[in-house]
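# Test case, fold it:
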Amino acid sequence: MSEYRIRKATVADVAELVRQRRALLAETDQVDDAALDRMVEAAAPYFEGAITANRFHAWLAEAEDGRAVGGGAVVVTEHPPSAHEPYPRRAHVLNIYVEPAHRRRGVARRVMDAILAWCREEGFVRVTLNASRQGRPLYEKLGFEATNHLRLRLR
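Below you'll find the model as predicted:
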């Protein structure tokens, strides 16, 4: 595991964040290249604006040669306070991705550790995420629990 370095991403890393998101969605969403190309076109401006506005925080895992081989992110959104979460911010983890050649080496775990440490430092009460079948065992080991959230596709 020491062959990887985890670091916070900046606006200068937007192209890499887009590349990883495209790779992740190509693997997990089973969508065509045209749909992925549309996402790529919209992703760079979103990441640039959201990073600058402090609403999107990402981490990259770099191999010994300095090349990014994985990463993950947190989207921070405002929500009305509740009895369990009196602060009007919530954290949602997404884009946890590791290139196939670097999987099963603890990279995703180290990225998640960095993300969760940041969330704790920021005072978040809880963190949410949507798990892929492959990622679920890691998230369960970290203490994530299934909830009763429902989703309705409108388009």
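# in the helix ranked longest in the chain, what counts as buried?
Criterion DSSP state H: the longest helix present in the chain is helix 33-52. Under the neighbour-count criterion of 16 or more other Cβ atoms under 10 Å, helix 33-52 has L36, M39, A43, Y46, F47, A50, I51 buried. Every C-beta, even on glycine, is put in place using the N, C-alpha and C of the backbone.
# Tell me how far the fourth one lies from L36.
Think Y46. Counting by Cβ to Cβ, to the nearest Å, the gap from Y46 to L36 is 15 Å.
# before we move on, what about the fifth one?
Look at F47 and L36: by Cβ to Cβ, they are 16 Å apart.
# V127 and M112 touch, don't they?
No: contact criterion Cβ atoms under 8 Å: V127 and M112 do not qualify, at 9.8 Å.
# State the phi and psi torsions of A26.
With angles defined as degrees, to the nearest 10, A26 sits at phi -60, psi -40.
# hang on, it packs against L36?
Yes: using Cβ under 8 Å, A26 is in contact with L36, at 6.0 Å.
# And the contacts of stretch 110-121?
1, 4, 6, 8, 57, 59, 61, 70-74, 91, 93, 96, 98, 127, 138-139, 142 (Cβ atoms under 8 Å, 6 or more residues apart in numbering).
# how about a cut-off of 10 Å?
1, 4-8, 57-61, 70-74, 76, 91, 93-98, 106, 124-127, 129, 135, 138-139, 141-144 (Cβ atoms under 10 Å, 6 or more residues apart in numbering).
# Same check on stretch 130-137?
So stretch 130-137 is contacted by 24, 27-29, 92-94, 96-98, 103, 108, 112, 129, 138-140, 144, 146, 149, 151 (Cβ under 10 Å, 6+ apart).
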